[in-house]
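[1] Using only what follows, build the 3D model:
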Amino acid sequence: MSGRRDPHDTSERELPRGMRLLDRYVILDRYDGGGMATIYRAEDERLSRVVVAKVLRTTLVEGSGSTSGRALYHATYTHFLDEARALSKLQHPSTLRIYDFGYVGDASTPTEERSPFHISEFLSGGNLEQRVRAEGTLSPLAAADVLDAVAGALGEAHGYGIVHRDVKPSNILFAEVGAKRFPKIADFGIARTPVPTAEAAKTGRTPSTPLTLCSPRWAAPEQLSSGVESATTDVYSLGLVAHFMLTGRPAFDSARIRETYLPRIFDDDFATRAIRASGLPTPLEEVILACLRVSPAQRFHSPAAFATAFRAAAATLDGGPPPPRATAAPREPQPPASAGPTSAGGTGPVTMSLVPEVADLAFAGGGTETRVRLSFQPTSSRVNVRNLSGFVVRDGARPSTAVLLDRDATLTFMTSSQAVRLVARLAFGERTADGTVFLVDGQPVLIPFSTARQAVALYVTSAAGHTPQVVIVGRT
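    Numbering: from 1, shown residues only. Presented below is the predicted three-dimensional model:
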């Protein structure tokens with residue numbers, strides 16, 4: 001691709017009003033610009049509708065002739081073609097629809113020297129970034145509606161092997177239908193999509209050749225380090241979008257954004273501190289943090305799984321109904337009801353209790369009974385653990401009558417004379433699209449959201465070394 005200007009190519013200049021593309025689309029005005037393309041409003045004369053013409057900016061390299069300039073244009077040119085190819089496959093209602101594709105300029109000029117464009121639907125409702133800036137943050141349930149739509153669109157793309165790689169608020173547009181607005185994901189311009197053999201032979205690009213383009217504030221660690229990208233790359237960015245909808249600002253908002261690269265690539269705690277500094281309710285905070293793990297394997301496996309978990313958390317905070325349940329909530333706290341006479345592997349009894357808020361548990365050991373009360377907090381996912389028979393110690397801290405937990409912890413239960421009776425590990429489990437999963441003797445045990453909207457597990461061993469038992473307490 002040459003850096004010199006083709007005198008026959010009008011794409012280097014702003015397209016004039018009235019110019020016709022493909023003998024069908026008439027340019028009305030310039031609507032937006034910046035980045036790698038210029039956006040025009042146009043009229044589709046055949047169907048009498050307003051559309052968008054997105055035209056690649058060849059001025060990226062105009063007059064420079066430099067190797068780096070040509071490389072940049074070559075990358076953006078290839079990605080622009082990828083976007084059209086990607087959008088042409090996708091049919092989800094929350095994906096921006098593409099109608100047509102072509103090249104600006106004299107038809108006698110090779111297409112490689114002309115500026116490509118594509119025609120897509122025109123959405124008049126602005127984008128998510130503009131909406132939040134103008135109207136303020138979204139409620140948790142309103143944010144859940146946006147996530148559901150975008151997650152569905154991304155899920156279809158991932159089914160085709162297409163990773164968006166640039167999920168951010170300005171790429172989530174809104175269609176206006178009456179008084180309602182419907183979100184759609186746009187700008188697949190840097191999506192990674194399989195490259196046909198003919199295209200690979202022409203451009204020298206193969207499916208395994210990475211082209212590292214991203215929006216740094218919204219990028220996953222593997223994008224910042226040229227690592228392997230996957231569907232969970234989009235999950236990471238979608239988690240950051242959720243944070244933006246709830247707070248009105250990016251989680252990584254440093255003026256020197258490059259200084260955040262290394263800690264984001266290597267340190268889970270960096271993202272944890274950034275999210276917790278926002279003061280979000282704990283259920284939403286935890287769900288978002290599950291998107292932002294450095295290791296892709298530790299994130300939600302799909303956008304849909306994240307969206308489902310986010311809505312479940314939002315429903316407990318935003319005045320909506322809790323997730324549906326099949327088991328009626330007991331009116332009074334009850335002792336554990338046996339989950340069955342068998343145990344998983346070599347583990348002792350496994351019991352389960354379903355309560356609306358408080359569970360009173362009793363454990364025998366050392367000739368005495370230790371009574372423990374677990375209380376779910378009304379407005380968060382934290383759990384209060386109280387030893388009704390003495391003291392409880394968290395991870396070697398000083399003894400107290402109760403501890404308030406929001407993450408896994410090892411607890412020691414003592415008598416009033418500080419004799420150790422029980423040692424237990426409280427686990428919050430792993431939230432998935434279907435429920436909360438606990439490991440019992442190495443085997444996963446699922447507590448569906450239809451049974452309990454929140455669950456914790458106590459893995460208990462007596463001080464005398466009696467057979468351990470697992471108690472799962474579910475919040476209905």
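
[2] list the buried ones in stretch 21-34?
    Taking 16 or more other Cβ atoms under 10 Å as the neighbour-count basis, stretch 21-34 is seen to contain the buried residues 21, 24-28. C-beta: built from backbone N, CA, C; applies to glycine.

[3] Ranking helices and strands of the chain by mean pLDDT, which lands last?
    Within the chain, judged by mean pLDDT, DSSP states H and E, the helix or strand with the poorest mean is strand 337-338; its value is a mean of 34.

[4] right, and the helix or strand after that one?
    Scanning forward in sequence from strand 337-338, with DSSP states H and E defining helices and strands, the next element found is strand 350-355.

[5] For stretch 450-461, report the contacting residues that lie outside it.
    Under the contact criterion Cβ atoms under 8 Å, 6 or more residues apart in numbering, stretch 450-461 has outside partners 312, 316, 322-327, 354, 361, 363, 372, 374, 376, 381, 383, 422-429, 435-436, 438, 447, 468-476.

[6] Of those residues, select the buried ones using a ChimeraX command.
    Here is the ChimeraX command that selects only those of the contacts of stretch 450-461 that count as buried (16+ other Cβ under 10 Å):
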select :312,316,323,325,354,361,363,372,374,376,381,383,422,423,424,426,427,428,429,435,436,438,447,468,469,470,471,472,473,474,475,476
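
[7] Cross the contacts of stretch 450-461 against strands and list the overlap.
    Judged by DSSP state E, the subset of these located in strands is 354, 361, 363, 372, 374, 376, 383, 422-427, 435-436, 438, 447, 469-475.

[8] A helix includes Phe287, no?
    To be clear, residue 287 is Val; Phe isn't right here. Yes - assignment of Val287 by DSSP: H, G, I helix; E, B strand; the rest coil places it within a helix.

[9] thinking it is in contact with Arg311, fair?
    No - here Val287 does not reach Arg311: they are 9.4 Å apart, not a contact under Cβ atoms under 8 Å.

[10] Tell me how this structure divides into domains.
    1-122, 124-320, 337-475 (automatic domain parsing).

[11] Same question for stretch 370-387: list its buried residues.
    For stretch 370-387, a neighbour-count test (16+ other Cβ under 10 Å) marks 370, 372, 374-376, 380-381, 383, 385-387 as buried.

[12] can you list these in JSON lines and add pLDDT?
    Output for the buried residues of stretch 370-387, formatted as JSON lines (pLDDT from 0 to 100):
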{"residue": "Thr370", "pLDDT": "84"}
{"residue": "Val372", "pLDDT": "90"}
{"residue": "Leu374", "pLDDT": "91"}
{"residue": "Ser375", "pLDDT": "90"}
{"residue": "Phe376", "pLDDT": "90"}
{"residue": "Ser380", "pLDDT": "76"}
{"residue": "Ser381", "pLDDT": "83"}
{"residue": "Val383", "pLDDT": "90"}
{"residue": "Val385", "pLDDT": "91"}
{"residue": "Arg386", "pLDDT": "90"}
{"residue": "Asn387", "pLDDT": "88"}
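
[13] And these, which two are furthest apart?
    Of all pairs drawn from the buried residues of stretch 370-387, the widest gap by Cβ to Cβ lies between Thr370 and Ser380 and measures 26.3 Å.

[14] if we can go back for a sec, taking the buried residues of stretch 21-34, tell me the two that lie furthest apart.
    In those, the most distant members under the criterion Cβ to Cβ are Arg24 and Leu28, with 13.6 Å between them.

[15] Please report phi then psi for Asp406.
    Its backbone dihedrals place Asp406 at phi -130, psi 10, with angles given as degrees, to the nearest 10.

[16] ok, it to Ser380 distance?
    Remark: distance between Asp406 and Ser380 (Cβ to Cβ, to the nearest Å) = 8 Å.

[17] Could you do Val52 as well?
    Val52 is 44 Å from Ser380, where distance means Cβ to Cβ.

[18] Then Ile257?
    Remark: distance between Ile257 and Ser380 (Cβ to Cβ) = 31 Å.

[19] Show me the helices in the chain, by range?
    Applying DSSP state H to the chain gives helices spanning 67-89, 128-135, 140-159, 197-203, 221-224, 231-247, 261-266, 268-276, 282-289, 303-315.

[20] Which strands or helices does the third one pack on?
    Put plainly, it is helix 140-159. If contacts are counted by 3 or more Cβ pairs under 8 Å, 6 or more residues apart in numbering; DSSP states H and E, helix 140-159 sits against strand 180-185, helix 231-247, helix 303-315.

[21] How many residues are close by Leu317?
    As a burial measure, Leu317 scores 17 neighbours (other Cβ atoms under 10 Å).

[22] which residues touch it?
    Leu317 neighbours (Cβ under 8 Å, 6+ apart): 140, 281, 283-284, 379.
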